[in-house]
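Student: Would you be able to build a 3D model of this:
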Amino acid sequence: MKYALVATTSHLILVDLESGRATPIESDRQEYYGISWFENEDHLVLSHSGIDNSNLIDIASYALSEQGWISAGEIRSPAFLSAPHQILCTPDGKVVCTNTGRNVITTIDLSRPGFFHEIGLSSERWDRLFPDVYSGDHLNSVFIKDQKLYVIAHRFNKGSWLGVLSYPNMQLLEIQNLGPRTGLHNIWITDQGQKISCDSNNGSLIDLDEKLPLWVSGAPIFTRGLAAHRNFIIVGESQQTGRDLRRGSMSGLWIVDRNNWKTIDHILLGHYGAVNEVRLLDVPDLAHHNVPFSGLGKLLEREGILIEGSRKRFDAYNRAYEKQAIWSNYEIILGSPQVGDDGYLYTGIDQLSIVKKLQEDNHISFNYCFSGEENLNERHISAVLDYRGNDEDTNMTLLLIQPSSPSESYLTIWKNDGAAWTRLTNFVNTGLPFSGHVKVEEVNRDIHVYINGEKLTTFNYEEIFEQQRTGAFGVRWVGSGVKLIL
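Tutor: This next block holds a predicted model:
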């Protein structure tokens, strides 16, 4: 396993996985996404959107978006696809394409221009109707195994699906509801039947059946693009940024040991834009169609050198890996906090993170610190008493600690009922330390709050909120550092 090919919003990049060399192969076609090839053929098959995807916000822009096409060497399909995502060359000579903007899977016969077949997982015909109306399923990834076509639909904020169709008949067999988790990309069914996907928003890989992370990057990134060897997995990295900034954002690759889910290496590629796809070239790619690329020699002839340091990413992962015992008791709900040298999980001013405790017990304990002295009013850390938000920033009660000066902080109680945040105006504790240790414990329905081992306050949960505490303990923070404790 030596060479990988990476598609970003603006480039096609050849990467030497051993040396870290990155070669931009081309950048002259509008937006690269899917990468595939046919067995024993020396040309790549690629999908191109033909547009700037950041402009797709409503039905008017989608109606003008059918400018995407499939390229296969010198062959080019008609431009009829809307924001195509992942593709797959099939043994029967077809190209299966996620025609994402049109909310369907399109099967294309390149030998018969204009000949295609399409099928959706739902009756919706467009990915989006208005800026705030996400009507479609956002079909983004395909994989074939045992005459079944698997399709990932991340479905925006509606909870992801895994569609299963027969192949080549393209009959819908079933739709597996993957729960409230969204932002999924890529699907790989291993020979053991494990279903692996990129949990993109949380910078990780997950097992779709177990609904648990297999690997966590420990960095505030967006994971998309998955390639697999019998011993290693390659994961694509992008910055978490707005769609309008994706073309110039930083991109990278993670190399993960498949036996223990530990990171082996990290390659920071450069500002080539968001990673859309990753494929292994010189060995069978198990997350693709298991056929090495016959045209690797042509790509190597165009090889150049681009390598940049990536020790910071790798070191951050190592710190996260050392804390794996703690993470076994917590789940990241939102955000991708950066692991510091001191073991704290840091977020920036514009980065919200929420973790919830998985073990059902009566307490939560963590150290806290505010990671800067500027914009103090935008920094806060909260002990969450009852998270019920279904992977969103909503439906919870929390004890919020905010800086009042560069040396002190204060605590208030807030509640979100699903519609708005409300502060209990009659409750405030001032003069708290700028950094310290928090422990919250429930005993006989009374909530005891400790700061640095001293009891700060006690209150009856049911008397204040007129209901029993039913959610999970957790932590919510912005512009701060948190060190979780078992």
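Student: Using the record's assignment, carve the chain into domains.
Tutor: 3-310, 323-485 (automatic domain parsing).
Student: Out of those domains, which is the most enclosed?
Tutor: Highest mean neighbour count among the domains of the chain (mean count of other Cβ atoms under 10 Å): domain 3-310, with a mean of 19. Quick note: C-beta positions are derived from backbone N, CA and C, even for glycine.
Student: Give me the residue ranges of the chain where confidence is low.
Tutor: Scanning the chain for pLDDT under 70 picks out 241-248, 302-327.
Student: Who is the residue nearest to Asn362 when sequence neighbours are not counted paired with across the strands?
Tutor: Closest residue to Asn362 apart from its sequence neighbours, by Cβ to Cβ, 6 or more residues apart in numbering: Glu442 at 4.6 Å. Glu442 forms beta bridges with Ile447, as assigned by DSSP bridges.
Student: OK, contacts around Glu174?
Tutor: Glu174 makes contact with 163-164, according to Cβ atoms under 8 Å, 6 or more residues apart in numbering.
Student: Adjacent strands (with direction) for the helix or strand where it lies?
Tutor: Take DSSP states H and E as the rule and Glu174 turns out to sit in strand 172-177. Under the criterion DSSP bridges, strand 172-177 sits next to strand 161-166 (antiparallel) in its sheet.
Student: List the contacts of the strand it pairs with.
Tutor: Contacts of strand 161-166 (Cβ under 8 Å, 6+ apart): 105, 119, 121, 137, 139, 147-153, 155, 171-178, 187, 195, 208.
Student: residue ranges for the helices of the stretch 251-400 of the chain, please.
Tutor: For the stretch 251-400 of the chain, applying DSSP state H, counting those that start in this stretch gives helices covering 296-301, 311-322, 324-327.
Student: What residues are bridge-paired with the residue nearest to Met396 when sequence neighbours are not counted?
Tutor: Once flanking residues are discounted, Met396 sits nearest to Tyr387: 4.7 Å by Cβ to Cβ, 6+ apart. On the basis of DSSP bridges, Tyr387 takes part in beta bridges with Ala472.
Student: From Asp257, how far off is Tyr387?
Tutor: Per Cβ to Cβ, to the nearest Å, Tyr387 is found 33 Å from Asp257.
Student: Same question for Asn276.
Tutor: Asn276 is 24 Å from Asp257, by Cβ to Cβ.
Student: Now do the contacts for Ile175.
Tutor: Counted by Cβ under 8 Å, 6+ apart, Ile175 has contacts 121, 161-164.
Student: My error: substitute Trp414 in the last question.
Tutor: 382, 397-398, 400, 421-424.
Student: That one: which element?
Tutor: Per DSSP H and E: strand 408-416 holds Trp414.
Student: Following element in sequence after that strand, please.
Tutor: strand 421-433.
Student: who touches that next one?
Tutor: Contacts of strand 421-433 (Cβ under 8 Å, 6+ apart): 401, 404, 408-416, 451-452, 456-457, 459, 464.
Student: Could you look up the SS state of Ala219?
Tutor: coil (DSSP: H, G, I helix; E, B strand; the rest coil).
Student: Distance of the closest residue to Tyr134 other than its chain neighbours relative to Phe80?
Tutor: Among residues not flanking Tyr134 along the chain, Phe156 sits closest, at 3.6 Å (Cβ to Cβ, 6+ apart). Phe156 is 24 Å from Phe80, where distance means Cβ to Cβ.
Student: My read is that Pro24 contacts Val15, right?
Tutor: No. The criterion here is Cβ atoms under 8 Å, and Pro24 misses it with Val15 at 10.4 Å.
Student: what sits opposite Glu26 in the beta ladder?
Tutor: Bridge pairing for Glu26 - DSSP bridges - gives Leu12.
Student: now swap in Ile175 and tell me
Tutor: Gly163.
Student: same thing with Thr457?
Tutor: Val449.
Student: next one: Ala22
Tutor: Val15.
Student: Offset the numbering so it begins at 13, please.
Tutor: In the new numbering, first residue 13, that becomes Ala34.
Student: my guess is it meets Leu281, correct?
Tutor: Yes. Contact criterion Cβ under 8 Å: Ala34 and Leu281 qualify, at 4.7 Å.
Student: State whether Pro225 is indeed within a strand.
Tutor: Yes. Read with three-state DSSP, Pro225 is one of the residues of a strand.
Student: hang on, isn't it packed against Asp211?
Tutor: Yes. Assessed by Cβ under 8 Å, Pro225 is found in contact with Asp211 at 6.8 Å.
Student: Phi and psi next, for the residue positioned nearest the centre of the chain.
Tutor: Centroid check for the chain by Cα atoms, centre = their mean gives Ser212 as the closest residue, at 0.8 Å. When quoted as degrees, to the nearest 10, the phi and psi of Ser212 stand at phi -60, psi -50.
Student: any idea how far Arg488 is from it?
Tutor: 21 Å.
Student: likewise Ile117?
Tutor: From Ile117 to Arg488 the distance is 38 Å (Cβ to Cβ).
Student: and Glu454, what does it touch?
Tutor: Glu454 neighbours (Cβ under 8 Å, 6+ apart): 374-375, 460, 473, 481.
Student: Might you report the residue contacts of Val145?
Tutor: By Cβ under 8 Å, 6+ apart, Val145 has no neighbours at all.
Student: partner residues bridging it?
Tutor: Phe142.
Student: List of residues touching the helix or strand in which Phe471 is found?
Tutor: For Phe471, the host element (DSSP H and E) is strand 466-472. Strand 466-472 is contacted by residues 423, 439, 441, 444, 457-462 when judged by Cβ under 8 Å, 6+ apart.
Student: Using PDB, write down the CA coordinates of the helix or strand harbouring Val154.
Tutor: Taking DSSP H and E as the criterion, Val154 maps to strand 151-157. Once non-C-alpha atoms are left out, strand 151-157 reads as follows in PDB (Å, rounded to 0.1, in the frame of the first residue of the first chain):
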ATOM      1  CA  LEU A 151     -27.500  10.700  -1.200                       C
ATOM      2  CA  ASN A 152     -23.700  10.800  -1.200                       C
ATOM      3  CA  SER A 153     -22.100   7.400  -1.100                       C
ATOM      4  CA  VAL A 154     -22.500   4.000  -2.800                       C
ATOM      5  CA  PHE A 155     -20.900   0.500  -2.300                       C
ATOM      6  CA  ILE A 156     -21.700  -2.900  -3.900                       C
ATOM      7  CA  LYS A 157     -21.300  -6.200  -2.100                       C
END
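Student: Now the element after that strand, going C-ward?
Tutor: That would be, after strand 151-157 and using DSSP H and E, strand 160-165.
Student: Mind giving me the packing neighbours of that following strand?
Tutor: strand 151-157, strand 173-178, strand 196-201 (3 or more Cβ pairs under 8 Å, 6 or more residues apart in numbering; DSSP states H and E).
Student: any idea which of the contacts of Glu454 is closest to Asp70?
Tutor: The closest of these to Asp70 turns out to be Arg481 (Cβ to Cβ; 42.0 Å).
Student: That closest one is in contact with Asp398, isn't it?
Tutor: Yes. In this structure Arg481 lies within contact range of Asp398 using Cβ under 8 Å: 4.9 Å.
Student: Can you check which residues contact both of those two?
Tutor: With Cβ under 8 Å, 6+ apart, Arg481 and Asp398 have common neighbours Thr409.
Student: For Ile218, pull up the helix or strand it's in.
Tutor: Here Ile218 is assigned to strand 216-219, by DSSP H and E.
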